[in-house]
Structure formats: C-alpha cells, structure tokens
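Asker: I would like to see how this sequence folds:
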Amino acid sequence: MSLAARLYHGEVSVDFVGRRRIWYAISGVIIVLGIVSMIFRGFDFGIDFKGGVSVVFPANGHSISQVTSAAEAGGITDPVVQSIGESQVRVQGPPMSAEQTSKAVQSMSAAVGEPASAFSVDTVGASWGKSITTKALQGLILFLIAVMIYISLRFEPKMALAAMLALIHDLVITAGVYSLVGFEVTPATVIAVLTILGFSLYDTVVVFDKVRDNTMKLTSTSVITYSHAANLAVNQTLMRSINTSIIALLPVASLLFIGAGLLGAGTLKDLALAMFVGLAAGTYSSIFIATPFLVQLKEREPRYQKLTARVARQQAAAKPESPAGAAAEAPGEGGPRDGGAGDSDDGSRAGKDAAGKRTGARAAVAAGAVAGKSASAAGARTTGTSRGGASAPRSTSSAETTPGDGPPEAQGGDDSSAAARPARQPARSPQRKGGRPGRPSGKRR
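Answerer: Below you'll find the predicted structure:
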C-alpha cells in the first residue's frame with residue numbers, strides 16, 4: 001500500500017494539530033524577521049509607485065557598469081540599470097525636470113555611441129504611483145471581504161476566520177522576504193501577490209472541506225475528538241497538497257532561478273519571487289496554520305469540550321494497570337508479605353484436611369458395601385443349613401469383632417441383628433496414620 005493510501009486510511013499519521021506550538025513558533029520567527037526588516041529597511045518601490053524617469057536605449061555592447069557610470073555622469077541620482085533582452089538596457093531614476101532629462105540623455109548618448117533619437121524616455125509622476133497603490137489596497141480589501149462571506153456561507157464563520165488568518169500569514173511572510181531580499185516592488189509584484197492569495201485560499205478550502213466531512217458526524221457519543229478528526233483530514237489531504245504545490249512551484253522556480261538568475265531576465269524576478277514565496281507559504285499555512293487554529297476555535301465550544309473530556313476519561317479507563325498495582329490487587333496476595341505467606345499455609349492445611357475427609361468417606365462407603373454383601377451371603381447359608389437340619393451358626397468371637405471397626409451401620413444395630421451376623425467377618429482394613437480406616441482388601445478369613 002502506498003504512503004498516500006496509508007495516510008488516507010489513518011495507518012500513518014502526523015500529529016499536525018497536537019504540535020501546533022512548533023508550527024506557530026516557526027511562523028512567528030519568520031514573521032518577526034520580516035516585520036523588523038520592513039520597519040528598519042523598508043521596500044524598494046519601483047518607478048511605478050514612487051515616480052521618476054525611465055530611459056530605454058540600445059546597449060551597443062556596453063556593460064551594466066559602463067551604462068551606470070554614464071547615467072551618473074548625466075545627473076541621474078542612484079540609477080537603476082536593467083538589461084532588456086540582449087541588445088537593450090533600461091535606466092530608471094528619480095523624478096527630473098525636462099532639462100535635466102535632456103542633459104542625461106545627451107550624456108548617455110555620447111557614452112554608448114548611440115544617437116539621442118534611439119533613446120525612449122518615459123516620465124512617471126508620483127501621483128500615478130499613489131493611485132496604483134490605493135487601487136491595489138482597495139482591491140485586496142474587497143477580495144478578502146468576498147472570500148470571508150463565501151467561506152462563511154459555504155462552511156462556517158470560524159473556518160472563514162481561520163482562512164483569513166492563514167491568508168494574512170502568507171501576505172506578511174511574502175512582504176517580509178521581499179524586504180529582506182531587497183527586490184524592487186513593481187506592478188508585477190502586485191499581480192503575483194493577488195495570484196498567491198487565490199492559491200493559498202484554494203489549498204485551505206480543500207483541507208477545510210475534508211475537515212467538515214470528518215467532523216460533521218461527531219456527536220456526544222463519538223469515540224474521537226474534533227482535533228483527532230481534523231488531524232485525520234489534514235493527513236488525508238497531505239499528499240494532494242504536496243503534489244499540487246510541487247506542480248505549481250516548478251515553473252515558478254524556473255522563472256526565478258533560470259530566467260532571472262541564469263538568463264538575466266530582470267523583469268521576471270519581481271513576479272517570480274513573489275509567486276515562489278507566496279506558493280510555498282500558502283502550502284505551509286493550509287497544513288500547519290489554518291487547521292490547527294480552526295481546532296483551537298472549535299474546541300472552545302461546550303459540546304466539543306464535553307466530547308473531549310469524555311473521550312479522555314474513556315482512554316484513561318482503557319489503559320492497562322501497572323504490574324505493581326496488578327500484583328497488589330491479585331486474589332490471595334494482598335496485604336503485607338508475611339500475612340500473605342500465613343494465609344497460604346492455612347490454605348494448604350485446610351486443603352489437606354478436606355482431602356483426608358473425602359478419602360475417609362470413600363473408604364467408609366466401600367467398607368459398608370462389602371459388609372452388606374457378606375451379610376447377604378451368610379443369611380443365604382443359614383437358611384440353607386436350617387432346612388438341612390444343621391446346627392445354629394457359631395457365635396462370633398470377641399477377637400473377630402472390635403468396636404470401632406467396620407461401617408457405622410454395623411456398629412449401631414441391636415442384639416438380634418448382631419446374632420444374625422455371619423460367623424465369618426471380612427478382614428479388617430489396616431489402620432492408616434491418624435486413625436482413619438483404609439480400603440478393605442476384599443478377602444475373607
């Protein structure tokens with residue numbers, strides 16, 4: 001059976017919910033580092049957000065460092081130079097007047113050996129950048145409101161709150177990494193952020209759908225808690241989340257590491273970095289943040305608190321006792337060690353006495369049976385002798401009858417019964433130790 005099937009059936013399980021403090025700590029460290037970087041270092045906003053001048057012209061075989069020196073000589077402060085393809089270069093700088101822009105173009109034209117007509121100049125005002133920022137924030141707020149309404153109606157409000165927390169988690173981590181790396185924030189960055197929001201919510205909704213399926217049948221008599229059912233749902237969708245994330249991250253990684261890194265396509269790195277970080281953070285949050293936080297919210301409800309307490313009691317009662325406790329409660333072995341030994345000796349003596357009594361009773365019954373048979377045979381001989389005129393039977397000698405011998409029935413009779421006894425008595429059984437009669441040998445004298 002594959003790992004995915006074993007995870008789905010619960011044969012293999014990772015305790016994502018129970019170890020939520022670890023996941024919270026990891027996310028907390030990354031978020032704190034990002035917030036510190038955003039406060040003290042800030043962002044490198046592109047020309048579209050802060051305004052400025054953008055000049056595009058043929059590189060004519062010149063390197064980035066040569067173009068940067070030419071731009072600085074032309075009066076552009078802190079120019080940002082990027083390669084566009086194999087033959088062109090773009091220089092961006094702060095807002096400048098028309099005269100300053102013309103002077104910079106002439107200086108760079110002379111440095112690279114290209115006519116001024118080959119230079120394309122675009123001026124972006126700061127007001128346009130502010131307008132783009134405002135509209136981006138408005139769109140983000142509307143998007144979050146719409147998502148909360150949908151998840152609240154489709155699932156429940158607490159799931160919507162957990163999904164929003166995971167979404168904010170992804171946004172803060174992406175922004176923090178952008179600040180730490182120092183990449184330029186461009187409109188492509190905004191597009192990438194909106195894209196990763198959709199992916200993060202998609203993965204979270206998939207997990208929540210399985211959580212709802214596993215928990216909708218929980219009642220007060222269930223044998224698992226809400227946290228156990230939710231953790232099972234995360235394990236059941238784990239391989240799906242991993243496979244989806246890998247498929248989404250591979251092309252984005254190729255844009256970031258191959259396109260921007262190896263091929264030098266600088267315009268792709270802004271888009272690729274935001275998408276790569278956002279997709280990875282979205283996968284992490286849907287597994288390690290959203291569901292554990294949802295469990296914390298749900299287990300505060302009274303019905304799930306009662307269910308958790310009842311399941312805990314059942315599990316405590318089902319645990320086997322320790323060997324020491326089992327030995328202490330075993331029959332016949334309780335109490336101090338000396339007392340237990342005395343009880344054992346008394347029990348042995350009582351058992352021996354009972355066995356002796358049973359043996360004596362069996363011997364008495366057997367002796368009575370033999371005596372009865374002998375009496376019947378003697379009576380028959382006496383009857384035959386009377387008919388034939390023979391003398392009366394001999395009297396029994398005192399040596400042959402001893403009080404205490406024979407069965408009880410023979411000792412308690414009257415004189416007539418004693419006279420009617422036969423002359424020949426069965427041999428006495430040998431006395432056993434303790435005065436108990438043994439088994440008769442069955443032989444006659």
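Asker: grab the nearest non-local neighbour of residue 291.
Answerer: residue 234 (5.2 Å; C-beta to C-beta, 6 or more residues apart in numbering). C-beta: built from backbone N, CA, C; applies to glycine.
Asker: tell me who's in contact with that neighbour.
Answerer: 14, 16-17, 207, 210-211, 287, 291 (C-beta atoms under 8 Å, 6 or more residues apart in numbering).
Asker: and the gap between it and residue 287?
Answerer: As judged by C-beta to C-beta, to the nearest Å, residue 234 and residue 287 stand 6 Å apart.
Asker: and for those two, which residues touch both?
Answerer: By C-beta under 8 Å, 6+ apart, residue 234 and residue 287 have these common neighbours: 16, 207.
Asker: residue ranges in the protein under the pLDDT threshold?
Answerer: Scanning the chain for pLDDT under 70 picks out 1-10, 85, 126, 129, 260-267, 320-445.
Asker: how's it carved up into domains?
Answerer: 3-43+127-316, 52-124 (automatic domain parsing).
Asker: Three-state assignment for residue 221, please.
Answerer: Following DSSP: H, G, I helix; E, B strand; the rest coil, we place residue 221 in the coil state.
Asker: report the separation between it and residue 233.
Answerer: From residue 221 across to residue 233, the span is 21 Å (C-beta to C-beta).
Asker: which one's more surrounded, these two?
Answerer: For residue 221 versus residue 233, the count of surrounding residues by other C-beta atoms under 10 Å is larger for residue 233: 23 against 7.
Asker: and what about the more buried one, helix, strand or coil?
Answerer: Classified using three-state DSSP, residue 233 is helix.
Asker: got a list of what it touches?
Answerer: So residue 233 contacts 207, 210-211, 213-215, 291 (C-beta under 8 Å, 6+ apart).
Asker: can you redo those residues as JSON lines with secondary structure?
Answerer: Shown next, in JSON lines, are these (three-state DSSP):
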{"residue": "207", "secondary structure": "helix"}
{"residue": "210", "secondary structure": "helix"}
{"residue": "211", "secondary structure": "helix"}
{"residue": "213", "secondary structure": "helix"}
{"residue": "214", "secondary structure": "helix"}
{"residue": "215", "secondary structure": "helix"}
{"residue": "291", "secondary structure": "helix"}
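Asker: filter the residues you listed to the buried ones?
Answerer: Neighbour-count burial (16 or more other C-beta atoms under 10 Å) applied to those gives 207, 210-211, 214-215, 291.
Asker: wait, residue 42 touches residue 176, no?
Answerer: No: contact between residue 42 and residue 176 fails when scored by C-beta atoms under 8 Å: they sit 11.8 Å apart.
Asker: buried residues in stretch 232-243?
Answerer: So for stretch 232-243, counting by 16+ other C-beta under 10 Å, buried means 232-238, 240-241.
Asker: now it - C-alpha only, CSV.
Answerer: Taking Å, rounded to 0.1, in the frame of the first residue of the first chain, the C-alpha atoms of stretch 232-243 are listed here in CSV:
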residue,chain,number,x,y,z
LEU,A,232,-7.0,12.9,10.1
ALA,A,233,-8.4,15.3,7.4
VAL,A,234,-5.0,17.1,7.1
ASN,A,235,-3.3,13.7,6.8
GLN,A,236,-5.8,12.6,4.2
THR,A,237,-5.2,15.7,2.0
LEU,A,238,-1.4,15.9,2.7
MET,A,239,-0.2,14.2,-0.4
ARG,A,240,-2.7,16.1,-2.6
SER,A,241,-1.4,19.4,-1.1
ILE,A,242,2.2,18.4,-1.6
ASN,A,243,1.7,17.3,-5.2
